[in-house]
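In: sequence? don't have it. structure:
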């Protein structure tokens, strides 16, 4: 009889099992990378929105009439995102007068995404 060389059934099964374990690890790594990419994209979008909103507030007229001061939001906000603007009058008088801000306001812009609160918060000052 002729001697045939080749793989036995057990060798093939062990080889397939090893390849399956490697494939599962690779697919798990792809899932983790995709999740990281989504988080990075969410934060970058929130950062860009916050910076654009802060510039928008700085370009609006100084609000010395309303207490607290009110500023308009951006005309377009991507779905799932929300922008909150708070303006606080800074008064150095003693005692402080809530209707006087000495021409300086602290502006805080907070961007939320879906159920996550405060993805990013920016603070700056607006001067009259």
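Out: Here it is on my side, so go on. Note that the coordinates shown come from a computational prediction; the quantities given were computed from them, not determined experimentally. Numbering: from 1, shown residues only.
In: show me the shaky parts of the protein.
Out: Residues of the chain meeting the criterion pLDDT under 70: 1-4, 6-7, 92-101, 118.
In: dump the residue contacts of the residue positioned nearest the centre of the chain.
Out: Most central in the chain under CA atoms, centre = their mean is residue 43, positioned 2.6 Å from the mean C-alpha point. Each residue near residue 43 by CB atoms under 8 Å, 6 or more residues apart in numbering is listed here: 119, 120. All C-beta spots, glycine's among them, are computed from the backbone N, C-alpha and C.
In: with residue 80 instead?
Out: 113, 114.
In: that one and residue 52, how far apart?
Out: Separation of residue 80 from residue 52 (CB to CB, to the nearest Å): 16 Å.
In: one more: residue 14?
Out: Distance, residue 14 to residue 52, by CB to CB: 57 Å.
In: higher neighbour count, these two?
Out: residue 52 (16 against 12; other CB atoms under 10 Å).
In: what's the closest non-adjacent residue to the more buried one?
Out: residue 74 (6.1 Å; CB to CB, 6 or more residues apart in numbering).
In: now do the helices in this structure.
Out: Using DSSP state H, the helices of the chain run over 9-59.
In: need the longest strand for it.
Out: strand 116-127 (DSSP state E).
In: can you list the strands that that strand pairs with?
Out: Using DSSP bridges, the strands paired with strand 116-127 in its sheet are strand 104-113 (antiparallel).
In: what are the buried residues along the longest strand of the chain?
Out: 119, 120, 126 (16 or more other CB atoms under 10 Å).
In: tell me the one among the residues you listed nearest to residue 89.
Out: Closest to residue 89 out of the buried residues of strand 116-127 is residue 126 (10.4 Å), distances taken as CB to CB.
In: didn't the closest one look like it was pressed against residue 87?
Out: Yes: using CB atoms under 8 Å, residue 126 is in contact with residue 87, at 7.3 Å.
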